[in-house]
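>>> sequence-free structure coming up:
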């Protein structure tokens, strides 16, 4: 992040200097510069060649800056996408753990492992209801009451999974 800010500041300063040089009208500077350039480039063809090379060099530098800018922009976007993906995964993990915690009591009530399919849940429901059905304990009032409580939890768990799997 710091290097990107430094790069932006440096680029702004260099671009400002380049704009200042571009805005200089060589005709207004005076004959001294023209005289100097004439001495350096006595042949007008050489001078035109120099100006053409200067323009092509300027274009290359602009292309280079644009290339670096695009590189850092893409790098920042990739980093942002990585952050977004990380937080999305963290949220999904939290949500899965939270719902698994809620579903955990229902899985426990049906005496099966978390993540079971609906068919497994259905067969476990039938098996557990046979095991804890209140009619099985009608002779002992204490066991009958306990079996009613357990069967209510089992029915609640099965209703939850029916709703979750859309089987209601």
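Arrived safely. None of these values were measured; they are calculated from a predicted model.
>>> in which helix or strand does the residue of the chain positioned farthest from its centre reside?
Relative to the mean C-alpha coordinate of the chain, counting by CA atoms, centre = their mean, the farthest residue is residue 139 (61.9 Å). Secondary-structure element containing residue 139, defined by DSSP states H and E: none, the residue being outside all helices and strands.
>>> what of residue 58?
Element membership of residue 58 [criterion: DSSP H and E] is helix 44-110.
>>> tell me the first helix or strand C-terminal of that helix.
In the C-terminal direction from helix 44-110 (assignment by DSSP H and E), the next one is helix 118-132.
>>> who does whatever helix or strand comes next after that next one touch, helix- and strand-wise?
Taking DSSP H and E as the definition, the helix or strand that follows helix 118-132 towards the C-terminus is helix 141-164. Taking 3 or more CB pairs under 8 Å, 6 or more residues apart in numbering; DSSP states H and E as the contact definition, the neighbouring helices and strands of helix 141-164 are helix 44-110, helix 118-132. For glycine as for every other residue, the C-beta is placed from the backbone atoms N, C-alpha and C.
>>> lowest average confidence, helix or strand, in the chain?
helix 26-29 (a mean of 50; mean pLDDT, DSSP states H and E).
>>> and the helix or strand containing residue 35, what's its mean pLDDT?
Residue 35 is part of helix 31-40, with elements assigned from DSSP H and E. Model confidence over helix 31-40, given as mean pLDDT, is 66.
>>> now swap in stretch 75-91 and tell me
Per-residue pLDDT values across stretch 75-91 average out to 79.
>>> list the contacts of residue 143.
By CB atoms under 8 Å, 6 or more residues apart in numbering, residue 143 lies in contact with residue 137.
>>> low pLDDT regions in the protein?
For the chain, the stretches flagged by pLDDT under 70 are 1-2, 6-7, 10, 14-34, 36-38, 40-41, 94-102, 168.
>>> ok, back up a step: compute the inter-axis angle for the helix holding residue 58 and helix 118-132.
Going by axes from the mean of the first three to the mean of the last three CA atoms, to 10 degrees, helix 44-110 is angled at 20 degrees with respect to helix 118-132.
>>> helices and strands around helix 44-110, which ones?
For helix 44-110, the packing partners by 3+ CB pairs under 8 Å, 6+ apart come out as helix 2-23, helix 31-40, helix 118-132, helix 141-164.
>>> quick check: buried residues in stretch 142-155?
Of the residues in stretch 142-155, those scored as buried under the neighbour-count criterion (16 or more other CB atoms under 10 Å) are 147, 150, 151, 153, 154.
>>> and for stretch 54-67?
Counting neighbours by 16+ other CB under 10 Å, one finds that the buried residues in stretch 54-67 are residue 65.
>>> no further questions, thank you.
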